[in-house]
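Undergrad: Need the 3D shape of this:
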Amino acid sequence: MKILITEPQDYSKKAVEMYKSHGDVVLGGEPDAETGVIAIRLKHKIDKSWMDKMPNLKIIASPTTGLNHIDIAEAEKRGIKLITLRGHTDFLDKITSTAEETLGLILALVRKIPQAHEHVKGGGWNRDAFRGYQLAGQTLGILGLGRLGRMVARYAKSMDMKVVAADPGITGEEMSKQGVTKVSHEELFKNSDILSLHVMLTDNTKNLVKEGDLKLMKPSALLVNTARAEIMEKGALEKALREKWIAGAAVDVMWDEEGSGAHLAKSELWDMAKSGQHNLIIVPHIGGATYDAMQITEEFIADLVKKELTK
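TA: Model (predicted):
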């Protein structure tokens with residue numbers, strides 16, 4: 001059986017050896033009829049066209065919790081097993097990369113760090129042009145107090161921020177044990193100085209954040225999205241920035257992402273970032289892209305594949 005690793009650069013050597021014990025490992029090759037397992041990252045969308053090339057595919061292995069790069073319905077129709085990080089809570093509690101990135105993006109927004117860096121590269125030294133504010137005393141709002149939301153809340157509290165959250169699946173009593181105040185969806189948008197999105201993308205959460213929600217925010221408020229772009233109504237963030245409903249945003253995710261970056265040419269948000277007229281940071285879905293997290297998760301997924309193949 002052929003085991004195809006689609007993005008072999010810096011792939012865990014231990015994971016590769018684990019795969020080799022169950023088949024012929026191909027690093028970066030093309031999918032074909034011999035492919036029984038495909039181990040992916042985020043560069044490719046594994047849709048019907050990919051699956052058509054792999055009629056004998058048994059397993060799609062993805063070291064992610066977000067799965068919008070896989071046509072799940074098509075995989076289920078074909079009886080293909082999905083092996084992912086979703087649901088492996090105890091293991092995921094050790095993976096802090098995306099939560100740490102969220103804090104970094106918050107600081108970059110509040111202190112205008114990217115703009116200040118560009119200013120100095122151009123020969124400037126005007127500190128007054130980049131005044132920000134302290135995080136201490138500010139209200140961080142979290143939409144979705146799951147694993148990553150809890151981590152970000154903990155980091156924020158260590159910086160003396162007030163933390164509020166909206167999550168219908170968690171009671172106020174549970175939140176208070178974590179030092180978080182439960183608020184309604186509307187209150188979250190109205191009262192947050194910084195709003196961070198940590199909702200898993202599902203059919204129920206797609207377009208959860210609407211244009212009207214952003215209009216409720218303070219004109220001085222900032223928004224950070226390291227979850228998935230599709231939890232926000234398409235075009236809502238662009239309008240919020242253009243109409244100055246909010247003061248800035250940082251995103252690690254975009255609508256219709258393609259590993260090649262081809263989606264950028266169709267993105268108004270990218271055009272806005274290039275113009276430099278908005279306090280806007282876009283990074284290329286790097287939340288989980290740390291050497292240690294990727295190694296650990298690839299090995300964890302390889303072990304799950306091994307167990308599935310030896311059933």
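Undergrad: Wait, Lys157 touches Gly179, no?
TA: Yes: with contacts counted by CB atoms under 8 Å, Lys157 reaches Gly179, the gap being 5.3 Å. For glycine as for every other residue, the C-beta is placed from the backbone atoms N, C-alpha and C.
Undergrad: who has more neighbours, these two?
TA: Set Lys157 next to Gly179 and count neighbours by other CB atoms under 10 Å: Lys157 wins out with 15 against 12.
Undergrad: Can you classify the more buried one as helix, strand or coil?
TA: Recorded secondary structure, Lys157: helix (DSSP: H, G, I helix; E, B strand; the rest coil).
Undergrad: For it, give me its contacts.
TA: Contact partners of Lys157, counting by CB atoms under 8 Å, 6 or more residues apart in numbering, are 163, 179.
Undergrad: Relative to Val163, how far out is it?
TA: Using CB to CB, to the nearest Å, one gets 6 Å for the distance from Lys157 to Val163.
Undergrad: and for these two, which residues touch both?
TA: Shared contacts of Lys157 and Val163, defined by CB under 8 Å, 6+ apart, comprise Gly179.
Undergrad: so Val163 touches Ala153, yeah?
TA: Yes: contact criterion CB under 8 Å: Val163 and Ala153 qualify, at 4.7 Å.
Undergrad: Which neighbours do those two have in common?
TA: Residues touching both Val163 and Ala153 by CB under 8 Å, 6+ apart: 140, 142, 179-180.
Undergrad: For the stretch 1-150 of the chain, which segments count as strands?
TA: For the stretch 1-150 of the chain, the strands identified by DSSP state E, counting those that start in this stretch occupy 2-5, 24-27, 35-39, 59-62, 81-84, 139-143, in order along the chain.
Undergrad: Name the stretch among the ones you listed that sits most buried.
TA: Each of those was scored by mean neighbour count; the highest is strand 139-143, a mean of 25, by mean count of other CB atoms under 10 Å.
Undergrad: Partner strands of it and their direction?
TA: Looking at strand 139-143 with DSSP bridges, its partner strands are strand 162-166 (parallel), strand 194-197 (parallel).
Undergrad: after the first one, next one along is what?
TA: Put plainly, it is strand 162-166. Helices and strands here follow DSSP states H and E; after strand 162-166, the next one along the chain is helix 172-177.
Undergrad: What are the buried residues along that following helix?
TA: By 16 or more other CB atoms under 10 Å, the buried positions in helix 172-177 come out as Met175.
Undergrad: again, but for stretch 230-244
TA: Neighbour count says stretch 230-244 has 230-233, 236-238, 240-241 buried, by 16+ other CB under 10 Å.
Undergrad: Do me a favour and average the pLDDT over it.
TA: Across stretch 230-244, pLDDT averages out at 97.
Undergrad: Now do the contacts for the closest residue to Val199 other than its chain neighbours.
TA: Using CB to CB, 6 or more residues apart in numbering and skipping the chain neighbours, the partner closest in space to Val199 is Gly144 (3.8 Å). By CB under 8 Å, 6+ apart, the contact set of Gly144 is 165-167, 197-200, 227.
Undergrad: for the residues you listed, which one is nearest Val209?
TA: Nearest to Val209 among the contacts of Gly144 is Leu197, at 6.9 Å by CB to CB.
Undergrad: Might one say that the closest one is in contact with Ile231?
TA: Yes: with the criterion set as CB under 8 Å, Leu197 and Ile231 qualify as a contacting pair; they are 6.3 Å apart.
Undergrad: Touching both of the two, which residues are there?
TA: Counting by CB under 8 Å, 6+ apart, the residues touching both Leu197 and Ile231 are 209, 225.
Undergrad: could I get the shared contacts of Val163 and Ala153 as JSON lines with pLDDT and distance to Arg127?
TA: Rendered in JSON lines, the data for the shared contacts of Val163 and Ala153 read as follows (pLDDT from 0 to 100; distance: CB to CB, whole Å):
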{"residue": "Leu140", "pLDDT": "99", "distance to Arg127": "26"}
{"residue": "Ile142", "pLDDT": "99", "distance to Arg127": "31"}
{"residue": "Gly179", "pLDDT": "97", "distance to Arg127": "34"}
{"residue": "Val180", "pLDDT": "98", "distance to Arg127": "35"}
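Undergrad: Which stretches in the protein count as helices?
TA: Using DSSP state H, the helices of the chain run over residues 13-20, 48-52, 72-77, 89-92, 97-110, 113-121, 147-158, 172-177, 185-191, 211-215, 236-242, 268-275, 291-309.
Undergrad: Nothing else from me, thank you.
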